[in-house]
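>>> Next come a sequence and a model predicted from it.
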Amino acid sequence: MFKRTHTCGQLTAGHVGQTVTLNGWVNAYRGHGHGLVFVDLRDREGVTQVVFEQGGTPDAVVEAGGKLRNEDCVAVRGVVRQREKANPKIHTGAIEVVVESMEVLSKTARLPFVPSDETNLPDEETRLKFRYLDLRRPRMQEIMRTRHRVAKITRDYFDAHGFLEVETPMLCRSTPEGARDFLVPSRLQEGMWYALPQSPQLFKQILMIAGADRYLQIVKCFRDEDPRFDRQAEFTQIDLEMAFADRETVLKTMEGFAKTLWKDVLGVTLPDFPRMTYREAMDRFGIDRPDTRYGLELVDISDMAAQTEFGVFTGALEKPRGVVKAIRIPGAAEKLTRKVLDGYSAFVQQFGAGGVPFARFVNGAFEGGVAKFLGPIADTLVERLDLTDGDVVVFGADAYGVCTKALGELRQKVAKDLGMIPEGAWNFLWVYDFPMFEHDAETGRYYSLHHPFTAPTAAETERFLAADPADIDTVESIVSDGYDMICNGSEIGGGSIRIHRQEVQKKVFSLLGLTEEQAKTKFSFLLEALSYGAPPHGGIAFGLDRLVMHMTGTENIREVIAFPKTMTGQDLMCEAPNVVDEDQLKELHVRSTADTAVTAS
């Protein structure tokens with residue numbers, strides 16, 4: 001094979017007259033007859049036009065060039081010359097290579113789709129089945145390049161800040177407190193199982209106790225849960241932990257990391273991140289990962305709603321923690337027809353709300369929807385919502401949790417429907433002071449809002465230790481030292497200051513319904529480690545896949561993973577998962593009970 005001297009994105013006018021060798025795939029070909037063939041040759045770095053022409057190229061090579069087709073893999077040697085008419089769309093557009101010799105490295109079979117044709121791509125299933133062709137697309141090459149850059153900058157930044165990269169086990173014990181584990185049977189320990197890690201949470205805490213001081217890992221994690229557009233069962237975390245650190249130290253370090261990423265990869269200088277408590281986020285946006293690129297904030301009007309005779313409002317206020325909230329949708333009176341608003345009522349029903357009462361503010365008065373009930377509060381409502389002519393007001397009325405959830409989801413839908421999300425905006429913020437626990441009335445259990453290793457804030461620790469589990473209001477009011485980094489309405493990183501006192505960790509396990517014996521069975525090594533001089537510590541985990549999604553402008557996580565799974569957890573290219581031989585199962589001491597089980601060939 002000809003030895004490559006340059007990539008297909010490297011040549012410029014400064015190389016004119018040089019003999020070069022290029023390797024790559026045929027991106028496009030154009031035969032003009034009379035012994036003249038143009039081929040666009042592509043590799044990862046770009047495209048170069050190569051020319052087969054009588055007089056400059058041997059006749060046999062011209063003939064071979066005329067037989068090339070898309071995605072043939074070739075090596076060409078030739079002389080760089082100036083193009084008569086430059087192509088400004090590509091980096092190499094000022095030059096072309098007149099081919100003197102060529103070696104066809106590999107011919108391609110009939111293509112299921114042409115990687116260079118972005119306007120005529122097949123369905124995703126076909127692309128995933130032929131992923132090696134899909135990854136040849138310049139768009140996918142750029143995404144993979146961005147992912148590489150993110151990983152490299154991550155390591156460089158944290159190395160400069162004193163972090164050690166430490167690998168943690170892929171085969172560990174099952175601690176079924178979060179999502180469903182992926183289990184791996186042990187051949188040597190009959191009847192025993194490993195679990196693939198949902199995160200390295202316990203190991204990174206152990207590393208802090210072990211004196212690692214600052215830890216980093218770019219690590220695969222596994223959660224056996226249904227995939228969605230921004231979630232895969234197999235995903236990658238940037239996992240971090242810091243000893244002898246308080247929340248301020250962690251947030252400052254991690255904010256610096258995000259600023260470095262956006263500057264080095266996208267050329268964007270981010271301002272300091274605003275901070276918002278969990279309660280403020282829920283009150284104003286109805287969600288703990290608010291998108292602050294647009295308005296549509298929730299405004300509490302419970303006080304004035306009580307003055308109306310509208311049964312939906314007054315009935316909601318009679319419920320425990322009942323509220324009435326409103327959202328002003330500016331200038332939407334003509335856009336939001338009755339049909340659209342009825343659709344919004346159906347939309348919020350999936351979040352437990354009964355519907356979306358509304359009214360339009362036109363010519364200084366309310367009309368349509370529930371306007372007739374707003375008379376007693378009209379002037380006050382106009383002032384509180386800062387209404388102007390042509391606005392629409394939508395309302396939520398229910399228990400606090402239902403009302404804020406429904407309106408929080410609705411505001412995001414309205415923003416998308418009305419094109420209110422500005423292009424190119426980057427709105428970051430920190431959300432902190434989350435409740436430590438939520439109580440589920442159906443099960444009668446407490447659940448950790450972050451995870452069971454999150455510490456209460458220093459100011460709350462003694463109150464937490466003294467809390468009576470039967471006092472639900474008190475337990476739910478305890479504030480944790482957790483925090484999330486939010487970018488454009490997406491949680492890209494979440495973490496907390498961890499529990500480093502054994503008595504605090506035991507109390508958490510007790511509140512979660514674990515007996516002392518159960519806690520020892522599941523977390524004995526952690527509880528034991530906490531008794532040997534554990535330092536205060538905290539950290540965070542960033543979703544690397546989600547970071548790359550934001551940076552490359554895609555909403556599909558499968559676009560940023562080289563070999564992803566489908567929504568049903570399949571790898572269509574290598575046909576996984578698959579049936580295995582019965583002898584393999586016997587060796588692992590397991591048996592399949594599936595009705596569809598077949599013998600592997």
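Received the coordinates, thanks. Everything numeric in this text was worked out from a predicted model, so none of it was measured. Numbering: from 1, shown residues only.
>>> Centre of the chain to stretch 37-48, how far?
33 Å (Cα atoms, centre = their mean, to the nearest Å).
>>> Ends of that stretch, what's the gap?
Length of stretch 37-48, first residue to last, Cα to Cα, to the nearest Å: 14 Å.
>>> From the contact counts, what lies against the helix or strand hosting A541?
Per DSSP states H and E: A541 is located in strand 537-543. Applying 3 or more Cβ pairs under 8 Å, 6 or more residues apart in numbering; DSSP states H and E, we find strand 537-543 packed against helix 201-209, strand 234-243, helix 247-261, strand 482-487, strand 490-497. Backbone N, C-alpha and C define where each C-beta goes, glycine included.
>>> pretty sure L133 contacts D117?
No. L133 is beyond contact range of D117, at 11.3 Å (criterion: Cβ atoms under 8 Å).
>>> what's the single longest helix in the chain?
helix 138-160 (DSSP state H).
>>> so what does it touch, helix or strand wise?
strand 164-165, strand 214-222, helix 247-261, helix 544-552.
>>> which ones are touching A94?
A94 is in contact with 12-13, 82-83, 86, counting by Cβ atoms under 8 Å, 6 or more residues apart in numbering.
>>> neighbours around the spatially closest residue to G368 that is not a sequence neighbour, how many?
Excluding the flanking residues, the one nearest G368 by Cβ to Cβ, 6 or more residues apart in numbering is R360, at 4.9 Å. Other residues lying near R360 total 22 when counted by other Cβ atoms under 10 Å.
>>> do you know how far D471 is from I478?
Separation of D471 from I478 (Cβ to Cβ, to the nearest Å): 11 Å.
>>> higher neighbour count, these two?
The residue with more neighbours, out of D471 and I478, is I478; 17 against 10, by other Cβ under 10 Å.
>>> That one against M436, yeah?
Yes. Applying Cβ under 8 Å, one finds I478 in contact with M436, separated by 4.6 Å.
>>> any common contacting residues for the two?
Here I478 and M436 have 456, 460, 464 as joint contacts, going by Cβ under 8 Å, 6+ apart.
>>> So the second one lies in a helix, does it not?
Yes. Under DSSP: H, G, I helix; E, B strand; the rest coil, E460 sits within a helix.
>>> quick revisit: check the shared contacts of I478 and M436 against E367 and report the nearest one.
Checking those against E367 with Cβ to Cβ, the nearest one is E460 at 48.9 Å.
>>> What pLDDT does the model give the closest one?
With respect to pLDDT, E460 scores 94.
>>> Also W430?
98.
>>> same check, this time on V324
On the pLDDT scale, V324 gets 97.
>>> where's it, which helix or strand?
Using DSSP H and E, V324 sits in strand 322-329.
>>> What mean pLDDT does the helix or strand following that strand get?
Later in the chain than strand 322-329, the nearest helix or strand by DSSP H and E is helix 338-349. In this model, helix 338-349 carries a mean pLDDT of 95.
>>> ok, now stretch 175-195?
On average, stretch 175-195 scores 87.
>>> start to end distance for it?
Terminal-residue distance, stretch 175-195 (Cα to Cα): 8 Å.
>>> who's in contact with that stretch?
Under the criterion Cβ under 8 Å, 6+ apart, residues 171-174, 196, 198, 202, 222-225, 233, 451-452, 512, 522-523, 587-590 lie in contact with stretch 175-195.
>>> can you tell me which residues contact the residue lying closest to F285 once chain neighbours are set aside?
The shortest distance from F285 to any non-neighbouring residue, by Cβ to Cβ, 6+ apart, is to G408 (5.8 Å). Taking Cβ under 8 Å, 6+ apart, we find G408 in contact with 282, 285-287, 298.
>>> what's the distance between G408 and T119?
37 Å.
>>> Please apply the same query to L588.
From L588 to T119 the distance is 49 Å (Cβ to Cβ).
>>> try G311
Going from G311 to T119 by Cβ to Cβ gives 54 Å.
>>> Tell me which of these two has more neighbours.
G311 (10 against 4).
>>> Next up, phi/psi of the more buried one, please.
phi -60, psi -30 (degrees, to the nearest 10).
>>> likewise D571?
According to degrees, to the nearest 10, D571 has phi -100, psi 100.
>>> How many residues are close by the closest residue to it other than its chain neighbours?
Sequence neighbours aside, K565 is the residue nearest to D571 in space, at 5.7 Å (criterion: Cβ to Cβ, 6+ apart). Using other Cβ under 10 Å, K565 has 18 neighbouring residues.
>>> ok, now which ones touch K565?
Contact analysis of K565 by Cβ under 8 Å, 6+ apart lists 227, 232-234, 558, 571.
>>> May I ask which of those residues has the most neighbours?
Ranking those using other Cβ under 10 Å puts Q232 first, with 22 neighbours.
>>> Any buried residues in stretch 28-42, and which?
Under the neighbour-count criterion of 16 or more other Cβ atoms under 10 Å, stretch 28-42 has 29, 35-42 buried.
>>> ignore the last one, stretch 70-81
Using 16+ other Cβ under 10 Å as the test for burial, stretch 70-81 gives 70-72, 74-81.
>>> Could you do stretch 180-199 as well?
Applying a neighbour-count criterion of 16+ other Cβ under 10 Å, the buried positions in stretch 180-199 are 181-182, 194-199.
>>> Can you give me the first-to-last residue distance of that stretch?
The first and last residues of stretch 180-199 sit 12 Å apart, counting by Cα to Cα.
>>> Kindly report the same for stretch 203-220.
Stretch 203-220 has an end-to-end distance of 14 Å (criterion: Cα to Cα).
>>> Off-centre distance for it?
23 Å.
>>> Now do it, average pLDDT.
For stretch 203-220, the mean per-residue pLDDT is 97.
>>> Now do the strand or helix carrying Q412 against helix 338-349: the angle between them, please.
Using DSSP H and E, Q412 falls within helix 400-417. When axes from the mean of the first three to the mean of the last three Cα atoms, to 10 degrees is applied, the directions of helix 400-417 and helix 338-349 differ by 140 degrees.
>>> So for helix 400-417, what gets flagged as buried?
400, 402-412, 414-415.
>>> Past it, which element shows up next along the chain?
strand 428-432.
>>> Can you give the contact residues for the helix or strand following that next one?
Moving toward the C-terminus from strand 428-432, the next helix or strand (DSSP H and E) is strand 437-440. When contacts are defined by Cβ under 8 Å, 6+ apart, strand 437-440 is touched by residues 445-449, 472, 475-476, 478, 511.
>>> Just the buried ones out of those, please.
Among those, those classed as buried by 16+ other Cβ under 10 Å are 446, 448-449, 475, 478, 511.
>>> from these, which is closest to V356?
When those are compared against V356 (criterion: Cβ to Cβ), the nearest one is L449, at 27.7 Å.
>>> Surely that closest one is in contact with D481?
No. Look at L449 against D481 with Cβ under 8 Å: they stay out of range, at 11.8 Å.
>>> coming back round to it: now the strand holding V324 against helix 400-417, angle please.
Orientation check (the same axes, to 10 degrees): strand 322-329 against helix 400-417 gives 10 degrees.
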